[in-house]
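>>> Everything below, folded, please.
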Amino acid sequence: MSRRSHLEPDKADFRLGRLAVREHLLTEEQLQEALLEQAREMAPGRLHRQLGLVLVSLGFLTVKNLAYLLVEQEKLRTRSQ
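Alright, predicted model coming up:
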């Protein structure tokens, strides 16, 4: 069994919602509400909106906040490779 170093980011760390909560741009409750909204929109054969767009449409994030989070998300992914 391999153990992950405490320095290695977990894949969940890359998720936009987790990152927004960690950066104090979003509450856990807001994240859960947005995830429920995203799930409600899903229908067979239909594309769903990305979480960031749901968060902006609900007014939980600004477009500027979303842009910042996407940059930070990419930095995390790049560092983990």
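>>> contacting residues around the residue nearest the centre of the chain?
Centroid-nearest residue in the chain: Leu16, 1.6 Å away (criterion: CA atoms, centre = their mean). With contact taken as CB atoms under 8 Å, 6 or more residues apart in numbering, Leu16 is in contact with Leu51, Gly52, Leu55, Leu69, Leu70, Gln73. For glycine as for every other residue, the C-beta is placed from the backbone atoms N, C-alpha and C.
>>> Any of those buried? List them.
Buried by 16 or more other CB atoms under 10 Å: Leu51, Gly52, Leu55, Leu69, Gln73, out of the contacts of Leu16.
>>> rewinding a little: in a markdown table: the contacts of Leu16, plus pLDDT, secondary structure and distance to Ala39.
Converted to a markdown table, those look like this (pLDDT from 0 to 100; DSSP: H, G, I helix; E, B strand; the rest coil; distance: CB to CB, whole Å):
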| residue | pLDDT | secondary structure | distance to Ala39 |
| --- | --- | --- | --- |
| Leu51 | 96 | helix | 11 |
| Gly52 | 97 | helix | 15 |
| Leu55 | 98 | helix | 14 |
| Leu69 | 97 | helix | 20 |
| Leu70 | 97 | helix | 22 |
| Gln73 | 94 | helix | 21 |
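>>> Now distance to Glu23 too, for those residues, in JSON lines please.
Formatted as JSON lines, the contacts of Leu16 follow (distance: CB to CB, whole Å):
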{"residue": "Leu51", "distance to Glu23": "15"}
{"residue": "Gly52", "distance to Glu23": "13"}
{"residue": "Leu55", "distance to Glu23": "12"}
{"residue": "Leu69", "distance to Glu23": "7"}
{"residue": "Leu70", "distance to Glu23": "12"}
{"residue": "Gln73", "distance to Glu23": "11"}
